[in-house]
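just need the structure, nothing else, for what follows:
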Amino acid sequence: MPARIKTRPRSRALVRLTGAALAAAALVGGLVPAARAGGAPLSGEFLDKRLEELVRTAGGPPGAIALLRVGNRTVVHRAGVADLRSGRPPRTVDHMRLASVAKAYSGAVALRLVDRGRLRLDDTIGERLPALPAAWHTVTLRQLLQHTSGLPDFSAAPEFVEIVVADPKHRFDSRRLLDFVADRGLEFRPGSRYAYSNSDNIAVALMAEAATGEPYERLLEELVYRPLGLRNTSLPQSPRMPRPYLHGYDVTPPDPPEDVSELLSPTGVWASGGIVATPEDLSTFIRAWAGDQGYLSQETRRQQRRFLPGAASEPAGPGANAGGLAVFRYTTRCGTVYGHTGNFPGYTQLAVATADGERSLTFSLTTQVNKSVKPDLLAKVRAVQEDFVCALLRR
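Sure, this is the predicted structure:
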């Protein structure tokens, strides 16, 4: 168990995580004005100050770490602490929960299988997963990856929420998570609109398993971890974090911070939010996934980058957002990057790269920030993220 700043018989964070806030979580002081548009590089001191102000903001993260990589050069910016008990700073080798950035990993598995001819983007649930409800059978892999499927979100189902609130460490059968909404039809006609849903990437992982006969965890190893040299990335079945790790906190004034790093079982999010990695590994992954470095074929990359304007993950990333196949486009005042965001009790993530994969940014906070939890802080976080994207693109 992690060290706690304050011990309670029932986590106040869990009490708050009900209804819409819990569904969003299962995924998964004033600031200086944002830097103006222009070509001048943003100094390291300016970026450090931006992170430090986030850490000092009421309800802000106890710790923050950002990695900017250009070619083989990496610059690290950090503020606050990785662990309030020890006071040590965040490190690039600390493990952290990636939250919904994990959806990019299930997307990577699926699109690598598309490149190998084991899956097609137009394969349907009915063809690959006939045991799932007949009402879902026309949904395609493409629609699942772009969140236009219409599948109801299992993480918002009352029975799922009740289980998590009663027993946060409950070990789910991850391959049965869709059972929580199996009695429901589609929310809308597939392909007719966008709706971010944790159910989509569960179905993606199940389709990958059906196509190969291999468990999703092994597919991650074969198609993602090993080819990219990711030695500190995993999909744990236990709430226990790999050591060392960034401690994630519930920070809600006026209460003192509560360590929620190991509060919830990752089995309840699995392919939609269960991945754990270090900032170093996340940086390597996003350069391959979002950048054109040969990880995907040119045709599959072209399909991946067919974007829906206005489509955003949770939370929204910097600038104007648009959704592709398990990847999002962020058009900022300084240029465009591609990647994914995520949030989970104790963690908020952004990982992006340029289209050529030569430049990347990972931006990690040790508290949860989204439109349901701290919406005002989210606006400030997005402004700081945009400054970091500008710094990345001007280097």
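
need the per-residue pLDDT for the residue nearest to Tyr249 when sequence neighbours are not counted.
Spatial nearest neighbour of Tyr249, excluding adjacent residues (Cβ to Cβ, 6 or more residues apart in numbering): Pro257 at 4.2 Å. All C-beta spots, glycine's among them, are computed from the backbone N, C-alpha and C. On the pLDDT scale, Pro257 is placed at 96.

hmm, Arg243 is touching Val93, no?
No. Arg243 lies out of contact with Val93 (Cβ atoms under 8 Å); the separation is 10.4 Å.

compare the two (neighbour count), which wins?
Using other Cβ atoms under 10 Å, the more surrounded residue of Arg243 and Val93 is Val93, with 12 against 7.

just list the residues touching the more buried one, thanks.
By Cβ atoms under 8 Å, 6 or more residues apart in numbering, the residues touching Val93 are 232, 244, 278-280.

most surrounded residue in those residues?
Neighbour-wise, the contacts of Val93 (other Cβ under 10 Å) top out at Pro279, 27 neighbours.

just checking, what packs against the strand or helix carrying Val109?
Applying DSSP states H and E as the criterion places Val109 in helix 102-115. Using 3 or more Cβ pairs under 8 Å, 6 or more residues apart in numbering; DSSP states H and E, the elements in contact with helix 102-115 are helix 141-145, helix 198-212, helix 216-220, helix 279-290, helix 298-304, strand 335-344.

if we can go back for a sec, okay if I get the contacts of Val93 as CSV plus pLDDT?
CSV is the format used below for these (pLDDT from 0 to 100):
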residue, pLDDT
Asn232, 98
Pro244, 98
Thr278, 99
Pro279, 98
Glu280, 98
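
could I get these as JSON lines with distance to Arg189?
Output for the contacts of Val93, formatted as JSON lines (distance: Cβ to Cβ, whole Å):
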{"residue": "Asn232", "distance to Arg189": "42"}
{"residue": "Pro244", "distance to Arg189": "48"}
{"residue": "Thr278", "distance to Arg189": "41"}
{"residue": "Pro279", "distance to Arg189": "40"}
{"residue": "Glu280", "distance to Arg189": "43"}
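
turn the helices and strands packed on helix 102-115 into CSV, columns for distance to Gly71.
Below are those laid out as CSV (distance: least, Cβ to Cβ, whole Å):
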stretch, distance to Gly71
helix 141-145, 30
helix 198-212, 31
helix 216-220, 27
helix 279-290, 10
helix 298-304, 21
strand 335-344, 16
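
of all the ones you listed, which lies closest to Ser272?
Of all these, helix 198-212 sits nearest to Ser272, with 4.2 Å by Cβ to Cβ.
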